[in-house]
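Trainee: Sequence plus predicted model, see below.
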Amino acid sequence: MSPTSPAQIASLYRYPVKGLTPEPLPRVALEVGQTLPADRRYAIENGPSGFDPAAPKWMPKPHFLMLMRDEWLAALDTHFDDASHVLTIRQSGAITVQGDLETMEGRAAIERFFATGFAGQIKGPPKVLSSQGHSFSDVARKVVSIINLGSVAAVETMIERPVHPLRFRANLYVRGWPAWHEFDLLDQILTIGETRLKVVKRIVRCAAVNVDPESAVRDLSIPQTLMRRLGHADCGIYAEVIAGGSIAVGDTIAREELASV
């Protein structure tokens, strides 16, 4: 990578409700050991899971509505308002339902929407879940997910089709890294201004990435293609925040150089 063309944050996203619409952010404040604020703050239980809000524990995603199985979720246009805690769901541009996810009445409105509108597509009674400080991430650690747009371009070349980056539902999208460069960053420290993140894990992709986020159609076979061509189904990395700070679209992202001795 040329020193005159540093890698940059191309876009930032959070996902307030697991499986629902990504929300773009111009900037965000990261705290040590935390996800992006409100990222996967809520999930919609797909039948009884045993989740206890008073003693929250990580649970695998099949307990919840999620794109790996429920591609029809991508057809819903949703928005969460931090100040009011109101989730708004639109279909075909029109508001279908709204509910304050911090009140019993608001959660019930959202639950009725899924129970009545998608009864044949869910396993059991839907229930909005949350617990203070808990994130319904795909992994038990509190992490920030990062996608290299160079790797997305490489996937496009493999399958000879356009690939919308939001299929990967990452928090940070990075422009300027060569394809698959992110795998060389495992156990390394990334710096974004004063913010520092330690790369802790490669992301193994599931069938969720096969769903087009605009059409809600399951139209590709990305994990299978990666496995056939590369011998693994990985694309992207998880990182833990080890020094907090504010980051923004356009910020330079670099690997921390170890001091020479």
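Mentor: Great, that's in hand.

Trainee: For Met104, see how far away Val97 is.
Mentor: 15 Å (C-beta to C-beta, to the nearest Å). The C-beta positions use only the backbone N, C-alpha and C, and glycine is treated the same way.

Trainee: Give me the more crowded residue out of those two.
Mentor: Val97 (19 against 9; other C-beta atoms under 10 Å).

Trainee: Please name the bridge partners of the more buried one.
Mentor: Ile89 (DSSP bridges).

Trainee: Pull the contacting residues for it.
Mentor: 88-89, 109-110, 112-113 (C-beta atoms under 8 Å, 6 or more residues apart in numbering).

Trainee: List buried residues within those residues.
Mentor: Using 16 or more other C-beta atoms under 10 Å as the burial test, the contacts of Val97 include 88-89, 109-110, 113 as buried.

Trainee: can you point me to the longest helix in this structure?
Mentor: helix 104-117 (DSSP state H).

Trainee: Pull the distance from stretch 51-63 to the chain's centre.
Mentor: 18 Å (C-alpha atoms, centre = their mean, to the nearest Å).

Trainee: what does that stretch contact?
Mentor: Under C-beta under 8 Å, 6+ apart, the answer for stretch 51-63 is 18, 43, 45-47, 49-50, 68-69, 129-131, 133-134, 136-140.

Trainee: Sort out which of those are buried, if you could.
Mentor: For the contacts of stretch 51-63, buried by 16+ other C-beta under 10 Å: 18, 43, 45-46, 49, 68-69, 129-131, 134, 136-139.

Trainee: quick one on the thing from earlier: next SSE after the longest helix of the chain?
Mentor: Proceeding N to C from helix 104-117, the next assigned helix or strand is strand 126-129, under DSSP states H and E.

Trainee: CA atoms only for that next one - export them in CSV, please.
Mentor: Coordinates of each C-alpha in strand 126-129 appear next as CSV, following Å, rounded to 0.1, in the frame of the first residue of the first chain:
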residue,chain,number,x,y,z
PRO,A,126,-41.5,-13.3,18.8
LYS,A,127,-40.2,-11.3,21.7
VAL,A,128,-38.1,-8.2,21.8
LEU,A,129,-35.0,-8.9,24.1
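
Trainee: what does that strand contact?
Mentor: By C-beta under 8 Å, 6+ apart, strand 126-129 touches 42-46, 49, 51, 53, 64-65, 101, 107, 110-111, 114-115, 136.

Trainee: please redo it, this time with the cut-off set to 6 Å
Mentor: Applying C-beta atoms under 6 Å, 6 or more residues apart in numbering, the contact partners of strand 126-129 are 42-45, 51, 101, 107, 110-111, 114-115.

Trainee: Mind listing what's buried along it?
Mentor: 126-129.

Trainee: As a markdown table, the buried ones among the contacts of Val97 with distance to Pro223 would be great.
Mentor: Converted to a markdown table, those look like this (distance: C-beta to C-beta, whole Å):
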| residue | distance to Pro223 |
| --- | --- |
| Thr88 | 32 |
| Ile89 | 29 |
| Ala109 | 36 |
| Ile110 | 30 |
| Phe113 | 31 |
